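K.L.:
dropping a prediction and its sequence here:
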Amino acid sequence: VEIKDKYTLKTVALVEPQECWFELSYQDVGEFEIYCRASKENLKALQKGMFVTIPNKRFIWFITSVRYTFTAGGARMISATGYEAKWLLSKRCILTPKELKGTITSAVYGLVNNNLGAGATQTRKIAGFTVDTNDLLIDISGTQAPRGNLLEFVNALLKTYNCGSQV
């Protein structure tokens, strides 16, 4: 797995985990765990707030927790856990209720981009976060985006139209 810097999203380390588990999810937020020996390199790389990718996969995960353990033989191990990057949407609220117009693609793009992407104010923007969409021509004109949790609203909207997402 590759560890990406939390500010530039550039690869800063490669970790060969003893065990790892990644849940890929298009409808909800997937989770992961990386379990590996606690070498100096792994301790430096697996830090809370860093991003994790698997080469050739279009997903990125966010490390939210790091624990240190020991094997039965006494070897020091590290366990990093967290969520898909779409979990970051749960940290933003839709500030202003708004009527959505056009297709589901343009509506979701606008909401996400204006609440944490390039269209967000400086204090709400997440560096390196960009929005890329496939063109789904489902018209949702007249749908209301209420003030509330961005992830909950986007997930509910996508599920209503049998769509999913990846970040």
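P.N.:
Right, received. Where do you want to start? Residues are numbered from 1 along each chain as shown.
K.L.:
CA atoms for contacts and neighbours, from now on please.
P.N.:
Noted.
K.L.:
buried ones in the helix or strand bottoming out on mean pLDDT in the chain?
P.N.:
Every helix and strand in the chain was compared by mean pLDDT, DSSP states H and E; the lowest is helix 104-116, with a mean of 85. For helix 104-116, the buried set under the neighbour-count rule, 16 or more other C-alpha atoms under 10 Å, comprises 104, 105, 106, 107, 108, 109, 111, 112, 113, 114, 115, 116.
K.L.:
quick one: it to chain centroid distance?
P.N.:
Distance of helix 104-116 from its chain centroid, counting by C-alpha atoms, centre = their mean, to the nearest Å, is 15 Å.
K.L.:
could we number from 562 for the rest of this?
P.N.:
With the count now opening at 562, the last piece we talked about shows up as helix 665-677.
K.L.:
check which helices and strands that helix sits against.
P.N.:
strand 654-655, helix 711-721 (3 or more C-alpha pairs under 8 Å, 6 or more residues apart in numbering; DSSP states H and E).
K.L.:
can you list the strands that the shortest one pairs with?
P.N.:
To tie it back to what came earlier, the one meant is strand 654-655. strand 709-710 (antiparallel) (DSSP bridges).
K.L.:
give me the contacts around the partner strand.
P.N.:
Under the criterion C-alpha atoms under 8 Å, 6 or more residues apart in numbering, residues 650, 651, 652, 653, 654, 655, 656 lie in contact with strand 709-710.
K.L.:
any of those buried? List them.
P.N.:
Counted by 16+ other C-alpha under 10 Å, the contacts of strand 709-710 give 650, 651, 653, 654, 655 as buried.
K.L.:
my guess is the second one contacts residue 712. True?
P.N.:
Yes. With contacts defined as C-alpha atoms under 8 Å, residue 651 counts as touching residue 712 at a distance of 4.7 Å.
K.L.:
tell me where the model's unsure across the protein.
P.N.:
Applying pLDDT under 70 to the chain flags the ranges 688-695.
K.L.:
could you pull out the strands for it?
P.N.:
Secondary structure of the chain, counting by DSSP state E: strands at 563-565, 572-575, 580-583, 592-598, 612-614, 622-631, 637-645, 654-655, 659-661, 704-706, 709-710.
K.L.:
who wins for proximity to residue 721 among those?
P.N.:
With respect to residue 721, and counting by C-alpha to C-alpha, the nearest of the strands of the chain is strand 704-706 at 11.6 Å.
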